[in-house]
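A.B. asks: Need coordinates for the following:
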Amino acid sequence: MNLKPFFCYYGGKWRSAPRYPRPIFGTVIEPFAGGAGYSLRYSQLNVILYEVDPVIHGLWDYLIKVSSQEIMSLPDSVDNVDDLTCAEEAKWLVGFWLNKATTQPCKTASAWAKGGLRPNSHWGTVIKGRIASQVDMIRHWRVYNQSYENIPDQKVTWFIDPPYQNAVGRHYKFNKVDFNKLGVWCQSRSGQVVVCEQEGANWLPFEPFAKTKAMGGTRGKAYSEEVIWANGCGSPSIFDE
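C.D. replies: Numbering: from 1, shown residues only. The predicted structure follows:
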């Protein structure tokens, strides 16, 4: 089942997820959850998210448990989340839609959001209704506020999308990664392993993957040169669990 993003996260893989190898196991683990763009494309599977950022972890925990009625009770129009009288996690959710593709929720609406340009792309009736219609579909998901190092090895599909090794990775609040250690860890996983990076990364033998649209640039015409490392496990046509 293909769900749309619950929040617009910087560096998210929702648009590019269909290009990556399909999961061949019934369980998908994302050790660096972020917006979980890959898992959203296969949301019916057993999805397990790990995230060290307490805000992102808290937001996913909220989304997994919140009722659609509570989402629909949030106001359609918000200029500043401090004006809301609701759970902090709900404020984080709205904040990610007030200024898109950030690594942390914002408090106030961006100029684009205030200007009404593409209103269905920012917080409002459409986005709120979409989220409310999807929350029941991720009740079976699990999320943990833990580092990748603490995840036990298991035969599953691993989709690993850490903060990039280059300057872009520094946009994330929790960006201190020992990439040599992470590379060894990735290669030690059982099952199917898919690792994302940008051109220039050298902590695994990455191969060119795709040119994807990125935020920034004149009129949004910026692109990211993505690379990939995969262990080649299994066939893309079946689930093996």
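A.B. asks: Could you check the helix or strand encompassing residue 192 and say which residues are buried?
C.D. replies: If you go by DSSP states H and E, residue 192 is part of strand 191-198. For strand 191-198, a neighbour-count test (16 or more other Cβ atoms under 10 Å) marks 191-198 as buried. (Each C-beta comes from the backbone N, C-alpha and C, glycine too.)
A.B. asks: Need these in CSV (columns: distance to residue 178 and pLDDT).
C.D. replies: Converted to CSV, the buried residues of strand 191-198 look like this (distance: Cβ to Cβ, whole Å; pLDDT from 0 to 100):
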residue, distance to residue 178, pLDDT
191, 23, 97
192, 24, 98
193, 18, 98
194, 20, 98
195, 15, 97
196, 18, 94
197, 15, 92
198, 18, 90
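A.B. asks: Nearest to residue 110, out of the residues you listed: which one, please.
C.D. replies: The nearest member of those to residue 110, counting by Cβ to Cβ, is residue 198 at 25.0 Å.
A.B. asks: Leaving out the residues flanking it, which one is nearest to that closest one?
C.D. replies: Nearest residue to residue 198, sequence neighbours excluded (Cβ to Cβ, 6 or more residues apart in numbering): residue 164, at 4.8 Å.
A.B. asks: wait, the one you found sits on residue 202?
C.D. replies: No: if you go by Cβ atoms under 8 Å, residue 164 and residue 202 don't touch, sitting 12.0 Å apart.
A.B. asks: hmm, back to that, give the partner strands of the strand holding residue 192 in its sheet and their orientations.
C.D. replies: strand 156-160 (parallel), strand 222-230 (antiparallel) (DSSP bridges).
A.B. asks: so how far is the first one off the chain centroid?
C.D. replies: Relative to the chain's own centre, strand 156-160 is displaced by 14 Å; criterion: Cα atoms, centre = their mean, to the nearest Å.
A.B. asks: on that earlier part again, any idea how far the residue nearest to residue 198 lies from residue 127?
C.D. replies: 27 Å (Cβ to Cβ, to the nearest Å).
A.B. asks: Could you do residue 228 as well?
C.D. replies: 30 Å.
A.B. asks: More neighbours: which of these two?
C.D. replies: The residue with more neighbours, out of residue 228 and residue 127, is residue 127; 23 against 17, by other Cβ atoms under 10 Å.
A.B. asks: Confirm that that one sits in a helix.
C.D. replies: Yes: under DSSP: H, G, I helix; E, B strand; the rest coil, residue 127 falls within a helix.
A.B. asks: quick one: the strands in the chain?
C.D. replies: 27-30, 46-50, 142-144, 156-160, 191-198, 207-214, 222-230 (DSSP state E).
A.B. asks: I'd like to know which of the ones you listed lies nearest to residue 57.
C.D. replies: strand 142-144 (5.9 Å).
A.B. asks: which other helices and strands contact the closest one?
C.D. replies: The contact analysis (3 or more Cβ pairs under 8 Å, 6 or more residues apart in numbering; DSSP states H and E) places strand 142-144 against strand 46-50, helix 54-65.
A.B. asks: Could you export stretch 30-38 as CSV, CA atoms only?
C.D. replies: The C-alpha trace of stretch 30-38 is given here as CSV (Å, rounded to 0.1, in the frame of the first residue of the first chain):
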residue,chain,number,x,y,z
GLU,A,30,14.8,1.9,8.6
PRO,A,31,17.7,2.6,11.1
PHE,A,32,17.6,6.3,10.3
ALA,A,33,13.8,6.8,10.1
GLY,A,34,13.5,10.5,9.1
GLY,A,35,10.3,10.7,7.0
ALA,A,36,10.3,7.0,6.3
GLY,A,37,9.7,7.6,2.6
TYR,A,38,10.7,4.1,1.6
